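Visitor: quick one: sequence plus predicted model below, questions after.
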Amino acid sequence: MKPLLSIAAKTATGAWHSIWTFPAILGSSMMIAWAAESAQFFLSQGLSLAILAWIQTLPEFAVEAVIAWQAPRIPHGIELVSANFTGSLRLLVGLGWPLIFFTAAFFYFKRYKKFFREIKLENEHSVEVMGLLVPQFYFVYIVAKGTLSVWDAIFLFMIYFLYIAILNKIPPKEMHDPEEEEWPIRKIVVMPPKRRNFTIAALFIVGAAIILLTAEPFLHSLMALAVAMGVSQYVFIQWLAPFLSEFPEKVSAFYWARKVKTAPMSVMNMVSSNINQWTMLAGMIPIVYAMSCGSLRPIVFDHHQKVELVLTILQSVLGFCFLVNMRFQWYEAAGLFVLWAYQFFVPSSREEIIFVYAGWIVLEIFLWIFKIRKPRAFKKFARLWKEKISLTS
């Protein structure tokens with residue numbers, strides 16, 4: 001595998017590729033968004049979003065695999081592995097979630113001339129909310145021991161497969177009136193079963209194929225521009241590469257965020273990607289690293305990388321605290337964005353931001369204890385398990 005930055009530098013003259021790859025990525029993202037939105041009426045919404053997240057994060061998996069493969073042979077290789085992984089996760093929560101809310105608020109105000117206060121999640125979304133918390137507990141253990149190994153990868157994979165198994169047991173959403181859906185959803189859902197299933201599968205497969213074919217030239221052309229502009233290697237790997245590789249999921253998420261009805265699905269799209277990256281992406285890293293080393297050598301984190309991981313974990317746990325009451329409110333979106341923006345523009349403040357995240361988490365816990373806020377996701381998940389999931393076992 002060629003070094004990521006050298007590839008970008010060599011393709012500087014081919015930056016024009018972004019002219020055709022951008023609409024290709026945009027179009028493919030819309031195709032798989034239509035497939036996921038149609039599929040939620042015939043299999044669980046969570047499972048359709050998990051499939052969507054897999055397709056959308058393929059570019060991020062490719063970028064992280066290249067960095068993990070190179071890590072044993074380049075200076076500060078482990079630092080770059082950590083930078084890309086933590087950067088992609090913090091972008092999703094700190095930038096992606098707030099932008100979804102702000103997009104929903106903009107279109108809501110445009111339509112109703114009223115202030116949009118919160119995105120209300122549906123009962124079945126308690127599975128994704130709870131699924132977001134589980135990997136955090138294991139990553140606390142990973143930070144404590146300071147290594148990420150192939151054995152950790154196996155456990156992370158098990159967490160993800162359990163999550164998928166639970167999603168698979170949730171019944172599909174009920175469809176009341178196809179005409180209420182947007183085109184082409186209303187056209188797809190009324191097709192005869194064989195034709196409908198073929199169309200949904202084709203949208204997923206063709207969309208994924210286009211992303212796979214266009215992701216590399218799209219990434220490299222835009223990365224080349226960043227290198228030419230003098231962006232530092234660390235900033236490039238931590239922020240720019242994940243932002244570009246996560247572009248497909250942002251397209252579909254913002255497409256759904258335009259309407260109050262589908263805004264919760266938009267948030268869950270991002271949450272599903274979070275879970276995917278905390279488990280499958282994180283698990284892939286030590287496997288690729290070990291293959292590159294030719295042995296089962298674990299990745300060893302130094303103090304700086306542990307700080308990055310702790311910061312990322314706390315941000316994700318705070319995101320969980322916001323969603324656990326099954327609502328995502330305006331001040332929560334603003335808070336996540338401000339904290340992410342501050343650490344982005346003032347990198348030296350990251351250790352201080354850790355205490356801000358931790359303090360806010362403690363505050364949320366006190367609000368639960370004194371019943372000012374209710375962590376509804378726990379009860380809703382338990383009820384969902386009793387009424388729907390366990391019955392299908």
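Guide: Now that the structure is in, tell me what you want to look at. The structure presented is a predicted model; accordingly, all values stated were derived computationally and were not measured. Residues are numbered from 1 along each chain as shown.

Visitor: just the element for the residue nearest to residue 255 when sequence neighbours are not counted, please.
Guide: Nearest residue to residue 255, sequence neighbours excluded (C-beta to C-beta, 6 or more residues apart in numbering): residue 33, at 5.5 Å. C-beta coordinates here come from the backbone N, C-alpha and C atoms, glycine included. Per DSSP states H and E, residue 33 falls inside helix 18-39.

Visitor: pull the CA atoms of that helix into PDB?
Guide: Extracted in PDB, the C-alpha atoms of helix 18-39 (Å, rounded to 0.1, in the frame of the first residue of the first chain):
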ATOM      1  CA  SER A  18     -13.400  16.100  -8.000                       C
ATOM      2  CA  ILE A  19     -15.500  17.600 -10.800                       C
ATOM      3  CA  TRP A  20     -16.900  14.200 -11.800                       C
ATOM      4  CA  THR A  21     -16.400  12.300  -8.500                       C
ATOM      5  CA  PHE A  22     -18.400  14.800  -6.400                       C
ATOM      6  CA  PRO A  23     -21.700  14.300  -8.300                       C
ATOM      7  CA  ALA A  24     -21.000  10.500  -8.500                       C
ATOM      8  CA  ILE A  25     -20.600  10.300  -4.700                       C
ATOM      9  CA  LEU A  26     -23.600  12.600  -4.200                       C
ATOM     10  CA  GLY A  27     -25.800  10.400  -6.500                       C
ATOM     11  CA  SER A  28     -24.700   7.100  -5.000                       C
ATOM     12  CA  SER A  29     -25.300   8.400  -1.500                       C
ATOM     13  CA  MET A  30     -28.900   9.300  -2.500                       C
ATOM     14  CA  MET A  31     -29.400   5.900  -4.100                       C
ATOM     15  CA  ILE A  32     -28.500   4.000  -0.900                       C
ATOM     16  CA  ALA A  33     -30.500   6.500   1.200                       C
ATOM     17  CA  TRP A  34     -33.600   5.700  -0.900                       C
ATOM     18  CA  ALA A  35     -32.800   2.000  -0.500                       C
ATOM     19  CA  ALA A  36     -32.600   2.300   3.300                       C
ATOM     20  CA  GLU A  37     -35.700   4.400   3.600                       C
ATOM     21  CA  SER A  38     -37.700   1.900   1.500                       C
ATOM     22  CA  ALA A  39     -36.200  -1.100   3.300                       C
END
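
Visitor: next up, identify which helix or strand the residue most central in space within the chain is on.
Guide: Central residue of the chain (C-alpha atoms, centre = their mean): residue 273, 2.7 Å from the mean position. Following DSSP H and E, the helix or strand that holds residue 273 is helix 263-276.

Visitor: quick one, that helix and helix 18-39 angle?
Guide: Angle, helix 263-276 to helix 18-39, by axes from the mean of the first three to the mean of the last three C-alpha atoms, to 10 degrees: 110 degrees.

Visitor: residue 360 touches residue 338, doesn't it?
Guide: No: using C-beta atoms under 8 Å, residue 360 is not in contact with residue 338; the gap is 11.5 Å.

Visitor: circling back to that earlier point, now do the contacts for the residue nearest to residue 255.
Guide: 52, 251-252, 255-256 (C-beta atoms under 8 Å, 6 or more residues apart in numbering).

Visitor: just the closest of the residues you listed to residue 74, please.
Guide: Closest to residue 74 out of these is residue 251 (32.0 Å), distances taken as C-beta to C-beta.

Visitor: contact partners for the closest one?
Guide: Neighbouring residues of residue 251 by C-beta under 8 Å, 6+ apart: 25-26, 29-30, 33.

Visitor: likewise for residue 271?
Guide: Contacts of residue 271 (C-beta under 8 Å, 6+ apart): 128-129, 131-132, 323.

Visitor: quick one on the thing from earlier: distance from the chain centre to the helix holding residue 273, please.
Guide: Here the centre of helix 263-276 is set off from its chain's centre by 6 Å, with C-alpha atoms, centre = their mean, to the nearest Å.

Visitor: avg pLDDT for that helix?
Guide: Helix 263-276 carries an average pLDDT of 92.

Visitor: also stretch 284-296?
Guide: Mean predicted confidence for stretch 284-296 is 94.

Visitor: cool, stretch 329-337 as well?
Guide: Here the average pLDDT along stretch 329-337 is 97.

Visitor: residues in contact with it?
Guide: By C-beta under 8 Å, 6+ apart, stretch 329-337 touches 93-95, 97-102, 105, 115-118, 315, 318-319, 322, 360.

Visitor: those in strands, which ones?
Guide: Mapping the contacts of stretch 329-337 onto strands (DSSP state E) picks out residue 118.

Visitor: which ones among the contacts of stretch 329-337 map onto helices?
Guide: 97-102, 105, 315, 318-319, 322, 360 (DSSP state H).

Visitor: any chance of those in a markdown table, with neighbour count too?
Guide: A markdown table is the format used below for these (neighbours: other C-beta atoms under 10 Å):
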| residue | neighbour count |
| --- | --- |
| 97 | 27 |
| 98 | 21 |
| 99 | 18 |
| 100 | 24 |
| 101 | 24 |
| 102 | 17 |
| 105 | 20 |
| 315 | 24 |
| 318 | 24 |
| 319 | 26 |
| 322 | 22 |
| 360 | 19 |
